[in-house]
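Trainee: my questions concern the predicted model and sequence given below.
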Amino acid sequence: MRRGVMYGMMAGALWGTVFLVPRLLSDFSPLLLSSGRYMMYGIVSVVAALPSARSLLSRITAADVTALVKLALAGNLLYYLLVTGAVHMVGIAPASLIVGVLPVTVTLLGRSDRGAVPLTRLVWPLAMVLAGIACINIDVFTAGDSATAGGSILTKLTGLACAVGALISWTWFAVENARYLQRNDHFSGGEWSVLWGIVTGLLGAALWIIVAALPTGFVTAPAVDTRWHLFWMLNLGVAIGASWLGNGLWNAASKRLPLTLSGQLIVFETLFALLYAFIYDHRLPRPLETAAILLLLAGVSWSVRQHADDGAKHASLEEESQPAVH
């Protein structure tokens with residue numbers, strides 16, 4: 001379990017870098033950012049799969065392919081498009097408030113899985129996580145994010161619907177991916193990430209074709225060649241770090257941890273994203289941001305301790321149940 005928690009934290013550290021790319025490439029539309037990122041992820045995954053291609057092909061089944069397509073659509077393309085749409089239509093605060101409930105929704109859906117700790121023992125850790133998420137979002141509201149204050153009611157409702165859709169999409173992905181990996185052990189976390197990346201790359205290429213077919217001016221993009229060079233370099237970095245390596249670490253964590261714990265480790269993506277934002281903005285966290293970081297760390301640490309105590313108790317009971325050997 002200790003190793004699984006470490007893998008989850010490392011995945012969060014890599015996933016947090018994704019939030020810097022839209023800020024560095026603000027002149028590119030979400031469709032271009034999404035298709036570019038996942039096309040590069042597919043290319044990196046193909047290169048990573050070449051040494052073991054024969055072994056992977058001999059083990060993959062039709063059920064695996066179906067699962068990979070569903071996971072790639074829900075956890076990558078659909079989620080990212082919904083999040084960017086929500087931010088554009090209702091702003092960062094409402095979108096992050098809704099999507100930030102992910103640790104709680106994943107934990108609740110995983111409460112009946114094997115190894116799950118009873119929710120009665122996770123009430124206070126979950127309350128601390130929720131309090132931390134609330135602090136982050138209250139700080140964003142008080143910071144005066146009014147970029148979309150003039151939007152129509154229909155635009156705001158559509159944006160909120162996108163945020164709810166993103167929450168549902170990634171919750172389903174996190175739960176289904178973890179359960180599939182635990183049911184099927186013929187692929188390691190790294191191998192599953194490579195296969196998932198290849199499928200995602202194919203879907204990203206299809207999205208790129210759709211973008212290319214759209215009328216001129218529908219998708220915003222700069223005409224300066226140097227910006228496109230930066231676009232591909234950053235997407236390559238995200239494809240290797242956040243997508244390929246980060247997803248491999250998350251798969252490795254999902255194989256070792258119950259959903260009631262792995263779901264809460266998603267908060268590390270938020271924490272590292274905040275850290276990178278502070279570094280990028282050259283500033284220290286504000287009081288509410290500091291409180292949020294401390295609450296999130298305390299809540300997850302408490303949950304880890306609950307799972308460790310539960311595992312030790314089960315191990316002790318199994319040892320006592322073994323017949324004595326004379």
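Mentor: Cool, got the structure. Source: prediction; values computed, not measured.
Trainee: separation between the residue nearest to Ile138 when sequence neighbours are not counted and Leu271?
Mentor: Sequence neighbours aside, Leu288 is the residue nearest to Ile138 in space, at 5.9 Å (criterion: CB to CB, 6 or more residues apart in numbering). C-beta here means a position set from N, CA and C on the backbone, and glycine is covered the same way. Going from Leu288 to Leu271 by CB to CB, to the nearest Å gives 14 Å.
Trainee: next: Ser55.
Mentor: Distance from Ser55 to Leu271, by CB to CB: 37 Å.
Trainee: who has more neighbours, these two?
Mentor: Leu271 (20 against 11; other CB atoms under 10 Å).
Trainee: and that one, what is it in contact with?
Mentor: The contact partners of Leu271, by CB atoms under 8 Å, 6 or more residues apart in numbering, come to Gly12, Gly16, Ile293, Leu296, Leu297.
Trainee: what strand or helix carries it?
Mentor: Applying DSSP states H and E as the criterion places Leu271 in helix 267-281.
Trainee: distance from that helix to the middle of the chain?
Mentor: For helix 267-281, the distance from its own C-alpha centre to the chain's C-alpha centre is 14 Å (CA atoms, centre = their mean, to the nearest Å).
Trainee: what comes up buried for it?
Mentor: Neighbour-count burial for helix 267-281, with 16 or more other CB atoms under 10 Å as criterion, is recorded at Val267, Phe268, Glu269, Thr270, Leu271, Phe272, Ala273, Leu274, Tyr276, Ala277.
Trainee: follow-up on the earlier one: so which of the contacts of Leu271 is the most crowded?
Mentor: The most neighbours of any of these, using other CB under 10 Å, belong to Leu296, which has 25 neighbours.
Trainee: show me what contacts it?
Mentor: Taking CB under 8 Å, 6+ apart as the test, what Leu296 contacts is Met128, Val129, Gly132, Ile133, Val267, Thr270, Leu271.
Trainee: repeat the analysis, applying 7 Å as the threshold.
Mentor: With CB atoms under 7 Å, 6 or more residues apart in numbering as the criterion, the residues that contact Leu296 are Val129, Gly132, Val267, Leu271.
Trainee: how about Val211?
Mentor: Counted by CB under 7 Å, 6+ apart, Val211 has contacts Leu31, Leu32, Ser35, Val219.
Trainee: and with 6 Å instead?
Mentor: If you count contacts by CB atoms under 6 Å, 6 or more residues apart in numbering, Val211 has them with Leu31, Ser35, Val219.
Trainee: tell me the one of those nearest Ala74?
Mentor: Of all those, Ala74 sits closest to Ser35, with 16.8 Å by CB to CB.
Trainee: buried residues, the helix or strand hosting that closest one. List them.
Mentor: Counting by DSSP H and E, the element that carries Ser35 is helix 30-49. Counting neighbours by 16+ other CB under 10 Å, one finds that the buried residues in helix 30-49 are 30-45, 48-49.
Trainee: export it as PDB, just CAs?
Mentor: Presented in PDB, the C-alpha positions along helix 30-49 are these (Å, rounded to 0.1, in the frame of the first residue of the first chain):
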ATOM      1  CA  PRO A  30      -9.100  23.900 -26.500                       C
ATOM      2  CA  LEU A  31      -9.700  21.700 -29.500                       C
ATOM      3  CA  LEU A  32      -6.200  22.200 -30.800                       C
ATOM      4  CA  LEU A  33      -4.700  21.800 -27.300                       C
ATOM      5  CA  SER A  34      -6.600  18.500 -26.800                       C
ATOM      6  CA  SER A  35      -5.900  17.000 -30.200                       C
ATOM      7  CA  GLY A  36      -2.300  18.100 -30.100                       C
ATOM      8  CA  ARG A  37      -1.600  16.700 -26.700                       C
ATOM      9  CA  TYR A  38      -3.200  13.300 -27.400                       C
ATOM     10  CA  MET A  39      -1.700  12.900 -30.800                       C
ATOM     11  CA  MET A  40       1.800  13.300 -29.200                       C
ATOM     12  CA  TYR A  41       0.700  10.900 -26.400                       C
ATOM     13  CA  GLY A  42      -0.100   8.300 -29.100                       C
ATOM     14  CA  ILE A  43       3.300   8.800 -30.800                       C
ATOM     15  CA  VAL A  44       5.200   8.500 -27.500                       C
ATOM     16  CA  SER A  45       3.100   5.300 -26.700                       C
ATOM     17  CA  VAL A  46       3.900   3.700 -30.000                       C
ATOM     18  CA  VAL A  47       7.600   4.300 -29.500                       C
ATOM     19  CA  ALA A  48       7.400   2.900 -26.000                       C
ATOM     20  CA  ALA A  49       5.400  -0.200 -27.200                       C
END
